[in-house]
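Peer 1: What would the 3D arrangement of this be:
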Amino acid sequence: MRRLSWTTWVYLAAIVATAAAAAAIVARPPSASSGSWWAIYAVLALLFLICDSTPIPLASRHSAWSPSSAATLAAVVLLGSVGAAMVGAAAVVTARRRVPLPERLFNGAIFAMAGYAAGLAYRAAGGHAHPPMPGFHAVLTASAVRIPSSAVFAPLIKPFAVAAVVHVLVNHVLLWGMLRADRRPGRAGHPGPGTSVALLLASDLGFAALGLVIAALWAVIGPFAAAIVLVPLFVARWAMAQFAEQQRAHAATLATLCQAVETKDFYTRGHSERVSRGAGMIAAEIGMRPDRAEAVRFAGMLHDVGKLGVPTKVLQKDGPLTEEEFAAIQLHPMRGLEIVRDIGFLAEALTGIMHHHERMDGRGYPMGFAGDEIPEFARVIAVADAFDSMTSTRSYREARSIGEAVTELRNGAGSQFDPRMVDAFISALGRDGWQVQEPARPSGHEILTSHDHDDPTAPLRVAESL
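Peer 2: Sure thing, here's the model as predicted:
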């Protein structure tokens, strides 16, 4: 929490204050005499805490997922909007260890706001928490909340679906705002494989439907409904854990390959991660679909993996290259494709790895493609790759400033780079900033080459054949 930016703290405080003010205005729970209302609330709050206290870390381990929304949405039907907000607010007392108080307050606030909004949407769509109509009966006491029987349950499905969508959207939008509020340089385009936002939305909506199951079962077996639903909830938890583990395995695969490249070519240390970040920034700016944006970050991470097939003495040579050595370097995109082509999850990323040294004017390599012949992923990576190379320190020069590198990108737009990708990167750069590379400090046995095939302002020197 200490590493959060000041804008993030302002956003966090604003959300918590808004939730507290709303609670002071609208909170009107039943009196203590309404025993069944409080009994239902206690069971649902306990179910929420059980789910919230055992979340699944997602692929990046910076966030986690739990199916606790099922309890909140059950409260929408059984207790109304205020009850749903109170169930969500139970996140403040989560049993997870080492959760700071500000994080507890923020989580409680967004779950409460999402629950209350879902309750309002449910009522607006025609649903009723305690409708006084035939076919409804009390579960616990004569003065209890009235619960729908199966005969009249079907009409509640549409309002509940509306409530579930509103709950998921409010929750994710508030979390997205928290992430966007963190304006530290280089944070917004953080690279690496992560759990798809679309998958999380679908999972939340799917398991939110269990809230309706809880409400339906409650009409028959009362509070035991919550215990029965714990089984599918924890099956869902296990399935998400398996998916997250698979994503982490993907990340480990990429990290291992990148580490191998950086061992051969010292100047690239950290380069692959930064190119991946830059590619993600461009993808977000041009509105690329989330699955393709993730794939282009993969491509950025592995764009130089073909250097594993280039002799180390060529990569580290300090002096003019022979034509054969120059040809070996030009073949590294094709060698990269050969190395990773059987890794299934890379998909379209392979085109970025293969063609990231093509030029818009057709003078690039390995295929000499021009204009729109160059795959979109390759055009994205070319910009991020060149920018990081120019802003990184080399043995023969200091890093160029961000302003100088931007000027070079603009100068190369249309000839070397896709102007659309250049404009997108510059726009994202102004919004998200860039984490400048720290100067490399090699140990005595490592050599920093004076050749940088990624820097458009430092062409390779090739010795004439004798």
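Peer 1: Just the buried positions in stretch 422-434, please.
Peer 2: Using 16 or more other CB atoms under 10 Å as the test for burial, stretch 422-434 gives 422-426, 428-429, 432-434. C-beta coordinates here come from the backbone N, C-alpha and C atoms, glycine included.
Peer 1: I'd like those laid out as CSV, including distance to L174 and pLDDT.
Peer 2: Compiled in CSV, the buried residues of stretch 422-434 are given as follows (distance: CB to CB, whole Å; pLDDT from 0 to 100):
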residue, distance to L174, pLDDT
V422, 34, 96
D423, 31, 96
A424, 27, 96
F425, 29, 96
I426, 30, 95
A428, 23, 93
L429, 27, 92
D432, 21, 83
G433, 24, 84
W434, 28, 85
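Peer 1: Out of those, which is nearest to F207?
Peer 2: F207 lies nearest to D432 out of these, by CB to CB, at 32.6 Å.
Peer 1: Can you tell me how far that closest one is from A251?
Peer 2: Separation of D432 from A251 (CB to CB, to the nearest Å) stands at 22 Å.
Peer 1: for E245, same thing?
Peer 2: Plainly put, E245 is 11 Å away from A251 if you go by CB to CB.
Peer 1: Look at the two and report which has more neighbours.
Peer 2: Counted by other CB atoms under 10 Å, E245 and A251 do not tie: A251 has more neighbours, with 19 against 13.
Peer 1: what's the helix or strand for the more buried one?
Peer 2: Per DSSP states H and E, A251 falls inside helix 224-264.
Peer 1: quick check: angle from the following helix or strand past that helix to helix 224-264?
Peer 2: Remark: after helix 224-264, the chain's next helix or strand is helix 271-285, criterion DSSP H and E. Here the directions of helix 271-285 and helix 224-264 differ by 130 degrees (axes from the mean of the first three to the mean of the last three CA atoms, to 10 degrees).
Peer 1: so of the buried residues of stretch 422-434, which ones are in strands?
Peer 2: Among those, no member falls in strands (DSSP state E).
Peer 1: Now the element after the one helix or strand S203 maps to, going C-ward?
Peer 2: For S203, the host element (DSSP H and E) is helix 197-208. Scanning forward in sequence from helix 197-208 by DSSP H and E, the next helix or strand is helix 210-221.
Peer 1: So which elements touch that next one?
Peer 2: When contacts are defined as 3 or more CB pairs under 8 Å, 6 or more residues apart in numbering; DSSP states H and E, helix 210-221 packs onto helix 35-52, helix 69-89, strand 146-148, helix 157-181, helix 224-264.
Peer 1: on contacts alone, who are the packing partners of the longest one?
Peer 2: Secondary-structure packing of helix 224-264 (3+ CB pairs under 8 Å, 6+ apart): helix 35-52, strand 56-57, helix 69-89, helix 197-208, helix 210-221, helix 271-285, helix 290-302.
Peer 1: Quickly, which of those bottoms out on average pLDDT?
Peer 2: The minimum mean pLDDT among the helices and strands packed on helix 224-264 belongs to strand 56-57 (a mean of 62).
Peer 1: So which bits of the helix or strand where A114 lies are buried?
Peer 2: Using DSSP H and E, A114 maps to helix 101-124. For helix 101-124, burial by neighbour count (16+ other CB under 10 Å) applies to 103-123.
Peer 1: CA atoms only: put the strand or helix carrying R335 into PDB for me.
Peer 2: Per DSSP H and E: R335 is located in helix 332-340. Provided in PDB are the C-alpha atoms of helix 332-340 (Å, rounded to 0.1, in the frame of the first residue of the first chain):
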ATOM      1  CA  HIS A 332      17.300 -14.100 -36.300                       C
ATOM      2  CA  PRO A 333      13.500 -13.400 -36.800                       C
ATOM      3  CA  MET A 334      13.200 -16.600 -38.800                       C
ATOM      4  CA  ARG A 335      15.200 -18.500 -36.200                       C
ATOM      5  CA  GLY A 336      12.900 -17.100 -33.600                       C
ATOM      6  CA  LEU A 337       9.800 -18.500 -35.400                       C
ATOM      7  CA  GLU A 338      11.500 -21.900 -35.600                       C
ATOM      8  CA  ILE A 339      12.200 -21.900 -31.900                       C
ATOM      9  CA  VAL A 340       8.700 -21.000 -30.700                       C
END
